[in-house]
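S.K.: build me a structure from this.
(2 chains)
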Amino acid sequence: MEKKYILKDEIIYQEKLENGLTVYIHPKTKFVQTFASLQVNFGGRDFKYYRNNQLINLPQGTAHFLEHMLFENNGNTLSDFFIKNNADINAYTSRRLTSYYFSTQDNFLELLNKLLDNFVDYNFNETSIQKELKIISQELSMSDDSDEIKAYKSLLKLMYKDESIYEDIGGSKKTIKTINKDILKQATDHFYHPENMILLVTGNVNPETVIENLKLHQFVTKTWSEYTPVTREANITDKGRHHFTKINKKLDTNIIEIGIKIPEFLFNRTELEHNIVTNPFFSMIFSPSSKLYKVLKKKKLYNFSFSASPVIEDDYGFFNISVETQKAKLFIKTIKELLEDLPNLTFEEEIFKAYKRAEIGRSIKAFDDVKQSHLLIKKLLNDNIDIYSFVEKSKNITFDDFKFYQEIFTKNNIYLVEYLQ
Amino acid sequence: MKIVKRNINNLELYYMPNTKFKTIDVAFVFTNELNPQEINERNFLSEILMESTHKYNNPEKMSLACDNLYGLDKTCNFHTVGNVSITTFMIRTINDKYLDESNIFSLSLDLLLEIIYRPKLHKCLIPKKSVNELLIQTEELMLSIKQNKNAYTYYQFMREYTRNNQDRIAIFPEMRYLNQVSNKTVSDCYQKMISEDKLQIFIAGDFDFTLMDQLIQEKLSFLVSKTDLSFDYKSEFVSSTNINEVIEKSSNGQTRVFIGYYLNFDYNKKNALIMSLFDELFGGFEKAKLFANIREKLQLSYYVYSRYNEDSNLFFVNLETNKEQTQKAIDEVAKQLQDCQNGDIDDELFNQAKQNLIKRLDSALDSQTKLLLHNIIGYLRYKSVFDLELRKQEIRDIKKEEVINLIQNIKIDTTYVYTNEE
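M.R.: Residues are numbered from 1 along each chain as shown, chains lettered A, B, ... in the order given. Take a look at the predicted model:
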């Protein structure tokens, strides 16, 4: 078992088990709770992929459907056992992965074993499939009347040709109707292999005991067939348009979504560590000390709904700004001017120094809370960020790291969606 | 975590020592009898005071000051508990023990005091510009709420549910008084807060009592605050004889249903705890009556839950369903409540709900801020410290009959349905 440091008193134990599962254990023995997440590299985007050089299609929403079905695997209701043991269990599906997670104050090993029991073999009955179909249909309908979600999806659609980027992770009512036992079997065969999973544990545990326990579990001792990795291709080019307007008299206020695409040539430079640098970069751009913030504030264009954040996936990335405003025209004119002027922006040393001190504080605080620690490490693992050098790298960001991103703020990379009253 | 009362300069000061966390939390809690005409001003103050001060007279300087203090977390919020209005200012700062500098806590406390006691003023008043800006933002906020159907339906439901109780239950923005807000009324409200509100100070973390006493003496010597108020804590709810049924037909998606109940029993510590237990077994988790029947058995809804708001003694159910199934879902909620009132609560569910509440209390041990907030609320509601072990024992001691007896007094007050035309 490898023992590595994140901070001087925060240690992670890492081990790859015989079945291919990679395990990360972050002991926090002062705390009463323990959190565990089992992550499968199978998400909403995986409805078309290559396996053994062959293109394979699944109905959209299969990963999410399977996430629901795992709770009913082999005729058992997984959550029953956890509830009886006073533990919380849940799951979610993102574009890239499915995450099964639980938290508990007691009986951690027993619960972990129970969770893993569910990943040894798969058997879903027709009644459960029909039941989940109805529940998921209700779930999919929940965003039907959200114009905010529609506007955001329109932005993704404008920026990218690939439907795996803009389609719902859960699929549609039509696509999920085609999901059956065979489809679910195909999905588990192709993705639910320990080699394609990671396990993260944070909390009041002894790492050695956890590993010893895992080594005895059927999930690890079982003879697994050799894992065949899948590959994916996403078409991240646009459709040639940069502007989309929709008029809807029923809107209560205007919705503006802006995307600044990180061009493919820059995005592919993984050594730039987009996931580490883009956050501080964009935070600085919109900090109360920035020109953008001051101008928007002065023109009364900054309100409660304003948000600005980078979106970095493993195959595409962009900066997103959104607002709901009554002054749509003025907002668009102003923000466009400000964004296009960003390549000329100079950052102030004093502000940057303060920002870095704040980053040191934020790291200490993140690890001062067992749940936050778990979520942070999980995010870093999901984003393929080296967890052991993350804090150090964050502290050592320089203005030079920002330059690459500053230069992309040109007309060619800016996309605008307006939903107007 | 124990709590220690200190008597320094006549201040009501509490220390919550522990060595578990690397941060120190400080809370200044101002309380007074709720005046519904002040709801907007009190909310505005919580925004304005945090944005700038006399020394840090714009958001840029304020943000820089916080960043330099290793990313000091500062929050201010206004809420109500029964007939009490509470304005809480909190900071969370890195303990100097974990830094290479020795004065970060002291400087953080200075900043908190600056925020509360040295606001940015113009001609001795809160600047007009700040207030006007918030008024404009509030208008925009209302439009955004209207657009976000989850927020909108909750807001509309709460307006209906609390229609007879607007002077006791604060919902921001309070539209009845919004046009009366000015920088003068906000300034008056500020003066009232610092001179007439009761002040309690809570400090949690790993620190030396003697050094902290000295620091408090040195920095807070100017403070003269009220330590008692001349009114008693009350939580009352006025219902109507008939059910308030509201149907709004402007949805273009799923139907959203809220059912608000009148809890026709005395509000006290024991009843509130029993009600929390009922809330858990009725609609608090996956095996609860509502989820098990409405989602899992009948598949009428993706989500369905109940919520007991102990602060105002309110209880409601929320679900989302297809228009065609709306009445069926409402009837099923009624049936589940009736079954519980008839004593149909099995032992397994009852004991599980108890365990869930106990587990939730225990998990507060992992958060200094949560423990601090438990204590703040404990003092306000019951004038006593938050004793975790005692609270757990009280939950264990609740008998099923006590729950069944108490919930006999639950009646529907309001049903709010947000649906479509067809």
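
S.K.: ok, residues contacting stretch B:36-43?
M.R.: Around stretch B:36-43, the neighbours that count as contacts under C-beta atoms under 8 Å, 6 or more residues apart in numbering or on different chains are B:78, B:85, B:87, B:138, B:166-168, B:170-174, B:176-178, B:180-181, B:185-186, B:188-189, B:192-193. In this view, the C-beta of every residue, glycine as well, is placed from N, C-alpha and C.

S.K.: how close does A:Ile129 sit to chain B?
M.R.: Distance, A:Ile129 to chain B, by C-beta to the nearest C-beta, to the nearest Å: 12 Å.

S.K.: meant to ask about A:Phe331
M.R.: Using C-beta to the nearest C-beta, we find A:Phe331 at a distance of 11 Å from chain B.

S.K.: ditto for A:Ile198
M.R.: Taken as C-beta to the nearest C-beta, the span from A:Ile198 to chain B is 24 Å.

S.K.: residues in contact with that residue?
M.R.: A:Leu21, A:Thr22, A:Val23, A:Tyr24, A:Leu38, A:Gln39, A:Leu381.

S.K.: now the nearest residue to A:Arg269 once chain neighbours are set aside: phi and psi?
M.R.: Among residues not flanking A:Arg269 along the chain, A:Phe404 sits closest, at 7.7 Å (C-beta to C-beta, 6 or more residues apart in numbering or on different chains). Phi and psi for A:Phe404, reported as degrees, to the nearest 10, are phi -60, psi -40.

S.K.: write out the residues of the stretch 201-350 of chain B neighbouring chain A.
M.R.: Contact residues, the stretch 201-350 of chain B versus chain A (C-beta under 8 Å from any C-beta of the partner chain): B:251-254, B:285-287, B:295-296, B:299-302, B:320-322.

S.K.: which among these gets closest to chain A?
M.R.: Closest approach to chain A among these (C-beta to the nearest C-beta): B:Gly253, at 2.9 Å.

S.K.: that closest one touches A:Asp144, doesn't it?
M.R.: Yes. B:Gly253 lies in contact with A:Asp144 (C-beta atoms under 8 Å); the separation is 3.5 Å.

S.K.: what ranges does the stretch 1-150 of chain B have for its helices?
M.R.: Taking DSSP state H, counting those that start in this stretch to define them, one finds helices in the stretch 1-150 of chain B at B:39-51, B:59-68, B:104-117, B:128-147, B:149-161.

S.K.: present the ones you listed as a markdown table; the columns should include mean pLDDT.
M.R.: Below are those laid out as a markdown table (pLDDT from 0 to 100):
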| stretch | mean pLDDT |
| --- | --- |
| helix B:39-51 | 97 |
| helix B:59-68 | 95 |
| helix B:104-117 | 98 |
| helix B:128-147 | 93 |
| helix B:149-161 | 95 |
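
S.K.: which stretch among those helices comes nearest A:Lys329?
M.R.: helix B:128-147 (15.4 Å; C-beta to C-beta).

S.K.: mind showing which ranges of the stretch 151-300 of chain B have poor pLDDT?
M.R.: Along the stretch 151-300 of chain B, the model assigns pLDDT under 70 to residues B:227.

S.K.: can you give me the strands for it?
M.R.: Along the stretch 151-300 of chain B, counting by DSSP state E, counting those that start in this stretch, strands occupy B:198-205, B:244-248, B:255-263.

S.K.: same list (the ones you listed) but as a markdown table, adding mean neighbour count.
M.R.: Shown next, in a markdown table, are these (neighbours: other C-beta atoms under 10 Å in any protein chain shown):
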| stretch | mean neighbour count |
| --- | --- |
| strand B:198-205 | 22 |
| strand B:244-248 | 14 |
| strand B:255-263 | 23 |
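
S.K.: what is the burial count for residue 341?
M.R.: Looking at chain A here, since you left the chain open. For A:Asp341, the neighbour count with other C-beta atoms under 10 Å in any protein chain shown is 13.

S.K.: looking at chain B here, not the other one
M.R.: Close neighbours of B:Gln341, defined as other C-beta under 10 Å, add up to 15.

S.K.: and the residue of the stretch 51-200 of chain A found nearest chain B, helix, strand or coil?
M.R.: When scored by C-beta to the nearest C-beta, the stretch 51-200 of chain A has A:Asp145 as its residue closest to chain B, at 2.9 Å. Under DSSP: H, G, I helix; E, B strand; the rest coil, A:Asp145 falls in the coil class.

S.K.: quick check: the gap between the closest residue to it other than its chain neighbours and B:Tyr418.
M.R.: In space, and not counting its chain neighbours, A:Asp145 is closest to B:Gly253: 2.9 Å by C-beta to C-beta, 6+ apart. Relative to B:Tyr418, B:Gly253 is positioned 9 Å away (C-beta to C-beta, to the nearest Å).

S.K.: any common contacting residues for the two?
M.R.: With C-beta under 8 Å, 6+ apart, B:Gly253 and B:Tyr418 have common neighbours B:Lys149.

S.K.: looking at the contacts of A:Ile198, spot the one nearest A:Phe281.
M.R.: Among those, A:Leu381 lies closest to A:Phe281 (C-beta to C-beta), at 22.2 Å.

S.K.: what about the closest one, how many residues nearby?
M.R.: For A:Leu381, the count of nearby residues is 18 (other C-beta under 10 Å).

S.K.: elements contacting the helix or strand hosting it?
M.R.: Assigned by DSSP states H and E, A:Leu381 belongs to helix A:370-382. For helix A:370-382, the elements it packs on are strand A:22-27, strand A:34-40, strand A:197-203, helix A:349-366, judged by 3 or more C-beta pairs under 8 Å, 6 or more residues apart in numbering or on different chains; DSSP states H and E.
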